[in-house]
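Participant: Mind folding the following:
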Amino acid sequence: MPAFPPPNGVILISLLTLVGATIGILGLGSWIRTPRLSAWVALTTLIAAPVLMLIVIISGQGGTLQNMLVGDGQTALWAIYFCSIGGIATLIGLGQMAATPPDREAGSQHAGTYALILLAVSGALVVAQAVHMLSLLIGLAITYVALLALLGVRAARAGFVVQCVGLACILFGAALLYGATGTLYFPAIVERLYGGGTNWMVSLAGGLLVAGTLVAAGSSLIHLEESAVPPITQVWAILILTGVTVAAWNHLPTVWRGEYAVPLAVLAGCLHLVGYGSALWARHANRALVGIGIAQAASVLLATAANAGEGTTFYLLFANSLSLVGIWAGTVGGVSRAQPWLAVPTTLCLLSLSGMPPLAGFLAQLHVLQTVASAGWGWAGGLLALGMIMAWIVAGRWLLSIWHTVPDEPSSQPASPEAILVALLASATLMLEGLYAEPLYNWITNLVTNG
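Facilitator: Below is the predicted model:
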């Protein structure tokens, strides 16, 4: 049975910061006509929230709250991941806002977008901190609904019913689990499952929980390739959904992970190939980005299904996400060799995607292969190898379009400073993460173990 620290309400500091900023941004959008102010408030909040969580954990003030939420080293890492993705999306959105007229209606629209970003990050953080089935369900519902709203009215209408079905499966699975164990508190569930074994009711509950999570997440993914969905939302949604799915999977007892590991690995391996295949056949950069994002997310899910440790999981998450974010920033900025400040970092991110050492993407792919090999899944290694070959082709085609294609005329709208900054930060971090992989891995493992 996992040992949690004593009760402590200070673990809510990051969550309360995000929720308070969400309410404040909605108020700003209604009363103030400067949409950039809402973006800066959101960005400042997304920087402050993980810093506050790290301070709480490193100072030894972690704990639980009413057996519903927990604050430890692992949740601090999730806070860094989720807030970083939200901050990058906000920063690029800030750069795209220059051409928007500063009227009250536009300000309200942008405020709603940034409020939804903060709301989705808040829900994802609840999922990561959950130690009770009800808090897990609430966090999933908040995240999925906020993502659907960000994808637009059409996606929200089409996906809401499917998401309700997925959440209903999770709720019914929780009811069956309570009937079988008499509790919804995760440590108590683990103790009773290992003490009394599993039966058909427990197995059915686990299947409904896994299936409901995948169905609800998939209802958002199927709308990402629509032309009306901007790249900022496409990539951000994939990264948040990946983190939420991995965090939810880590809450499952080890006995369930063993039962559902192989089906999830088969699904992840197929998605890995489908993602890179769609990127190869895509005629538009936005669709290629979606395909790459799905393939990268599938590799993380595959390693998680093979019972990778927390250090490996977070290293994969950050390496894959940074590669995708750097390519995303270059695409938004209209990357070409006429813009070297954007072309060079985007090139480094593409090389990391293809597994070029010493960039972090090389070690990330190596970690996945080692994890599936340790699990004895030779077939999964074959699927990954095939996907890597497709990734090389995708990266090569993109590099050719950057360095061997000269625009007919200069772009009337050069890349925004925010897009250049995101690309530079992503490429530099990938380089540092590859060169200093061992200290970073040890820091992650130490924070999870001692936090």
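Participant: rest of the way, CA atoms for contacts and neighbours
Facilitator: Noted.
Participant: Can you name the next helix or strand after whichever strand or helix holds residue 240?
Facilitator: Taking DSSP states H and E as the criterion, the element that holds residue 240 is helix 231-250. Per DSSP H and E, the first helix or strand lying C-terminal to helix 231-250 is helix 254-281.
Participant: May I see the buried residues of that next one?
Facilitator: Buried positions in helix 254-281, judged by neighbour count with 16 or more other C-alpha atoms under 10 Å: 256-257, 261-262, 264-266, 268-280.
Participant: The lowest-mean-pLDDT helix or strand in the chain to helix 254-281, inter-axis angle?
Facilitator: Ranked by mean pLDDT, DSSP states H and E, the weakest helix or strand in the chain is helix 186-196, scoring a mean of 75. With axes from the mean of the first three to the mean of the last three C-alpha atoms, to 10 degrees applied, the angle from helix 186-196 to helix 254-281 works out at 120 degrees.
Participant: Mind giving me the packing neighbours of the following helix or strand past helix 186-196?
Facilitator: Per DSSP H and E, helix 186-196 leads on to helix 200-221 as the next helix or strand towards the C-terminus. In terms of contacts (3 or more C-alpha pairs under 8 Å, 6 or more residues apart in numbering; DSSP states H and E), helix 200-221 is packed against helix 133-151, helix 153-181, helix 231-250, helix 254-281.
Participant: between those helices, which gets nearest to residue 314?
Facilitator: helix 231-250 (9.5 Å; C-alpha to C-alpha).
Participant: rewinding a little: output the least confident helix or strand of the chain as CSV, restricted to C-alpha atoms.
Facilitator: The C-alpha trace of helix 186-196 is given here as CSV (Å, rounded to 0.1, in the frame of the first residue of the first chain):
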residue,chain,number,x,y,z
PHE,A,186,-6.9,4.2,-4.3
PRO,A,187,-4.6,3.0,-1.6
ALA,A,188,-7.4,1.1,0.0
ILE,A,189,-8.4,-0.4,-3.3
VAL,A,190,-4.9,-1.6,-3.9
GLU,A,191,-4.8,-3.2,-0.4
ARG,A,192,-8.1,-5.0,-0.9
LEU,A,193,-7.3,-6.2,-4.4
TYR,A,194,-4.0,-7.7,-3.3
GLY,A,195,-5.6,-9.1,-0.2
GLY,A,196,-8.6,-10.7,-1.8
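Participant: on contacts alone, who are the packing partners of that helix?
Facilitator: Applying 3+ C-alpha pairs under 8 Å, 6+ apart, we find helix 186-196 packed against helix 153-181.
Participant: Which other helices and strands does the helix it packs on contact?
Facilitator: Counting contacts by 3+ C-alpha pairs under 8 Å, 6+ apart, helix 153-181 packs against helix 133-151, helix 186-196, helix 200-221.
Participant: what about 7 Å?
Facilitator: helix 133-151, helix 200-221 (3 or more C-alpha pairs under 7 Å, 6 or more residues apart in numbering; DSSP states H and E).
Participant: Please work out the average pLDDT along stretch 71-88.
Facilitator: For stretch 71-88, mean pLDDT is 90.
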